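Visitor: pasting the sequence and the predicted model now:
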Amino acid sequence: MERVIIFDTTLRDGEQSPGASMNQAEKLRLAIQLEKLGVDAIEAGFPAASKGDFEAVRLIAEKIRNTEVVALARASKEDINRAWEAVKKAAHPKIHTFIATSDIHLEHKLKMTREQVIESAVDAVRYARKFTDNVEFSAEDGSRSDRNFLCQVFEAAIDAGATTVNLPDTVGYAMPDEFAELISFVRDHTPNIHRAVLSVHCHNDLGLAVANTLAGLRAGARQAEVTVNGIGERAGNTSLEELVMGLYTRREHVGLTTRVNTEEIHPASRLVSMVTGIVVQPNKAIVGANAFAHEAGIHQDGVLKNRMTYEIMEPKTVGLSRSRLVLGKHSGRHAFRQKLGELGYDLTKKELDGLFEKFKELADKRKEIVDEDIEVLVAEEIFRVPDTYELDYLNVVSGTVAVPTATVKLKIRGKEAQNAGFGVGPVDAAFNTIAKMTGTRSRLLRFSVNSVSGGMDAQGEVTVRLQENDLIALGKGADPDIITASAKAYINGLNRLEYLKKNPSLSPEERTL
Ligand code: KIV
Ligand code: ZN
């Protein structure tokens, strides 16, 4: 079987999802998981976009040793310099440069002629080749471009040294049969196409990103650009898990394979959801909570007799039933450190000490601690910004007749404070009291609760999104008690807002944390 190159852009296009933003530690952690997942390339960011993006790409390039690390750049020397500066320490660096090729973009956005676009593409690729022999060129809005012009641009880019040429359906407009036909056309009318890998990059505006990518691969493209959970600009990108499992499950029909370790799909999906705060819809293929749940009696009966009656994939193939029971309250520091290592965390002694203490507190409340609980603990304790506010104590009274009342003790810049307040429900009472004590002027934009793992005693994981003027911060908190988890998430969001206020030199892109 021929192999398809899986180019992951969760950290770049994925981060362009409305509402998604990750800090540097979170990005690094995700890159480590992507390497474990076995993707061929990690597009780590767009270094010219902001200082934060530059730094994240640099950190990832230094850490990741077995996977290509890619930096995005517009077709300009300044962008390419920044991209190279950020990615140059990678074991396998790649520069990805792009320019739009559709007449709409040329006329209204770039105000350039076709000749000028070809010249810019050639100059950019040639310039990038001075730094590395691994250069990708993308024709933005390729699917809406004049086909003959598209082939001309690709031919010129390959002659200039591009080793990959990528055809994006930037606005998610293509239909699968049409996209397949376009790929065949490009293969037939770009004379030097055999000297480069032909790649596809699809967006999901019409819900067709995976179908279009699959159609493109079947027509001869050999690289697919994807994101975990399909996150990305607007309606998102091709979902990694859907594409990879489609190729795997129907391998005899499609005849294409990947290097992805499918058992790492579920952990990767959870991590992306946790760090971006973007919840996976329950009926999402492969990684949704219901993807392997059988509700109808006839289905349950069939699956019990032979799972192939209603299941086309085994849950364990996507990492759902790997041994999840990991630790309990009798587990020692050594076992805890070993588990963290298995999950890919390399912590300092100080970090480990703090985390072990929190683990013991949680183990006192829950009988079994599973991998997801540890992921959440790490997210809460390690990927955190410095605390302006700390939760010391929370007591909430609510019920069918009681007026929901919260009593809260906080440490505010190290000093103890206490207050009480009411609300329409227990979460509202807790938030009102915390808001009064901290004097915050932020607005709650979003509130969501998720179960970290299965079971009645599962931890609730709460995500909040807060806005104060032009600053937006995500807050996350987990606890077996969802009111406590909500208070922790709210306080985490307030701490992130404080951090943003204290760092006014951050660029506009970085002012969302
Ligand atoms: O969608 C798009 O066109 C892109 C390019 C930068 C590849 O993301
Ligand atoms: Zn894109």
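Guide: That came in fine, so what should we check first? Numbering: from 1, shown residues only. Ligands and ions are numbered 1, 2, ... in the order given.
Visitor: residue 47 is in contact with residue 78, isn't it?
Guide: No - Residue 47 is not in contact with residue 78 according to C-beta atoms under 8 Å; the separation is 10.6 Å. Every C-beta, even on glycine, is put in place using the N, C-alpha and C of the backbone.
Visitor: neighbour-wise, which of these two wins?
Guide: residue 47 (27 against 10; other C-beta atoms under 10 Å).
Visitor: what's in contact with the strand or helix carrying residue 26?
Guide: Using DSSP states H and E, residue 26 falls within helix 24-37. Residues from elsewhere that reach helix 24-37 (C-beta atoms under 8 Å, 6 or more residues apart in numbering): 8, 10-11, 22, 42, 44-45, 52, 55-56, 59-60, 63-64, 66-67, 69, 228, 260-261, 264-265, 267-268, 271-272, 275, 344-345, 378-379, 382-383.
Visitor: out of these, which sit inside helices?
Guide: Members of these lying in helices (criterion: DSSP state H): 52, 55-56, 59-60, 63, 265, 267-268, 271-272, 275, 378-379.
Visitor: now residue 241: closest residue in space, sequence neighbours ignored.
Guide: residue 286 (4.2 Å; C-beta to C-beta, 6 or more residues apart in numbering).
Visitor: what sits against that neighbour?
Guide: So residue 286 contacts 239, 241, 242, 245, 265, 269, 313, 318 (C-beta under 8 Å, 6+ apart).
Visitor: adding distance to residue 127 and pLDDT, write these out as CSV.
Guide: Listed next are those as CSV, based on distance: C-beta to C-beta, whole Å; pLDDT from 0 to 100:
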residue, distance to residue 127, pLDDT
239, 34, 98
241, 36, 98
242, 36, 98
245, 39, 98
265, 37, 96
269, 37, 95
313, 45, 94
318, 41, 95
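Visitor: ChimeraX command to pick out the buried ones of these?
Guide: In ChimeraX syntax, the buried subset of the contacts of residue 286 is picked out as below (16 or more other C-beta atoms under 10 Å):
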select :239,241,242,245,265,269,313,318
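Visitor: quick revisit: pLDDT on the helix holding residue 26, on average?
Guide: For helix 24-37, mean pLDDT rounds to 92.
Visitor: show me how far it is from its chain's centre.
Guide: Its chain's average C-alpha position is 9 Å from that of helix 24-37, according to C-alpha atoms, centre = their mean, to the nearest Å.
Visitor: now do stretch 119-128
Guide: Worked out by C-alpha atoms, centre = their mean, stretch 119-128 lies 30 Å from the chain centre.
Visitor: make sure residue 420 is indeed in a strand.
Guide: Yes - with DSSP: H, G, I helix; E, B strand; the rest coil as the criterion, residue 420 is part of a strand.
Visitor: quickly list what it is bridged to.
Guide: With DSSP bridges as the criterion, residue 420 is bridged to residue 407.
Visitor: on that earlier part again, does the residue nearest to residue 241 belong to a helix, a strand or coil?
Guide: coil.
Visitor: and it, how far is that from residue 240?
Guide: According to C-beta to C-beta, to the nearest Å, residue 286 stands 9 Å off from residue 240.
Visitor: any common contacting residues for those two?
Guide: In contact with both residue 286 and residue 240: residue 265, using C-beta under 8 Å, 6+ apart.
Visitor: nearest to residue 449, of the contacts of residue 286?
Guide: residue 269 (18.2 Å; C-beta to C-beta).
Visitor: touching, that closest one and residue 287? I think so.
Guide: Yes - the pair residue 269 and residue 287 passes the contact test of C-beta under 8 Å, sitting 4.0 Å apart.
Visitor: quick check: neighbours shared by those two?
Guide: With C-beta under 8 Å, 6+ apart as the test, residue 269 and residue 287 both reach 229, 241, 280.
Visitor: the first one and residue 272 touch, don't they?
Guide: Yes - applying C-beta under 8 Å, one finds residue 229 in contact with residue 272, separated by 5.2 Å.
Visitor: now the common contact residues for the two.
Guide: With C-beta under 8 Å, 6+ apart, residue 229 and residue 272 have common neighbours residue 278.
Visitor: that older thread, mind listing what's buried in the helix holding residue 26?
Guide: Those would be 24-37, for helix 24-37 by 16+ other C-beta under 10 Å.
Visitor: reformat those as JSON lines; add distance to residue 362.
Guide: Shown next, in JSON lines, are those (distance: C-beta to C-beta, whole Å):
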{"residue": "24", "distance to residue 362": "26"}
{"residue": "25", "distance to residue 362": "21"}
{"residue": "26", "distance to residue 362": "21"}
{"residue": "27", "distance to residue 362": "26"}
{"residue": "28", "distance to residue 362": "24"}
{"residue": "29", "distance to residue 362": "20"}
{"residue": "30", "distance to residue 362": "23"}
{"residue": "31", "distance to residue 362": "27"}
{"residue": "32", "distance to residue 362": "23"}
{"residue": "33", "distance to residue 362": "22"}
{"residue": "34", "distance to residue 362": "27"}
{"residue": "35", "distance to residue 362": "28"}
{"residue": "36", "distance to residue 362": "24"}
{"residue": "37", "distance to residue 362": "27"}
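Visitor: could you dump those residues to JSON lines with distance to ligand 1?
Guide: Formatted as JSON lines, these follow (distance: C-beta to the nearest ligand atom, whole Å):
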{"residue": "24", "distance to ligand 1": "22"}
{"residue": "25", "distance to ligand 1": "25"}
{"residue": "26", "distance to ligand 1": "21"}
{"residue": "27", "distance to ligand 1": "18"}
{"residue": "28", "distance to ligand 1": "22"}
{"residue": "29", "distance to ligand 1": "23"}
{"residue": "30", "distance to ligand 1": "18"}
{"residue": "31", "distance to ligand 1": "18"}
{"residue": "32", "distance to ligand 1": "23"}
{"residue": "33", "distance to ligand 1": "22"}
{"residue": "34", "distance to ligand 1": "17"}
{"residue": "35", "distance to ligand 1": "22"}
{"residue": "36", "distance to ligand 1": "25"}
{"residue": "37", "distance to ligand 1": "21"}
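Visitor: near ligand 1, which residues of the stretch 201-350 of the chain show up?
Guide: 201, 203 (C-beta under 6 Å from any ligand atom).
Visitor: residue 229 and residue 272: who's more crowded?
Guide: Higher neighbour count among residue 229 and residue 272: residue 229, with 30 against 27, using other C-beta under 10 Å.
Visitor: tell me which residues touch that one, please.
Guide: Per C-beta under 8 Å, 6+ apart, neighbours of residue 229: 239, 241, 269, 272, 273, 278, 280, 284, 287.
Visitor: okay, now the domains of this protein?
Guide: Domain segmentation of the chain under automatic domain parsing yields 2-276, 297-381, 389-502.
Visitor: tell me the pLDDT at residue 315?
Guide: Reading off the model, residue 315 has pLDDT 91.
Visitor: and what of residue 305?
Guide: Residue 305 carries a pLDDT value of 85.
Visitor: what about it, how many residues nearby?
Guide: By the criterion of other C-beta under 10 Å, residue 305 has 9 neighbours.
Visitor: just residue 333 next, same as before
Guide: 12.
Visitor: so what's it closest to, chain neighbours aside?
Guide: Closest to residue 333 by C-beta to C-beta, 6+ apart is residue 356, at 5.5 Å.
Visitor: next, the buried residues of the helix or strand where that neighbour lies.
Guide: Using DSSP H and E, residue 356 sits in helix 349-365. For helix 349-365, the neighbour count (16+ other C-beta under 10 Å) marks 352, 355, 356, 359, 362, 363 as buried.
Visitor: out of those, flag the one nearest to ligand 1.
Guide: Comparing the buried residues of helix 349-365 against ligand 1 with C-beta to the nearest ligand atom places residue 355 closest, at 36.6 Å.
Visitor: go ahead and confirm residue 171 touches residue 205.
Guide: Yes - look at residue 171 against residue 205 with C-beta under 8 Å: they come within range, at 6.2 Å.
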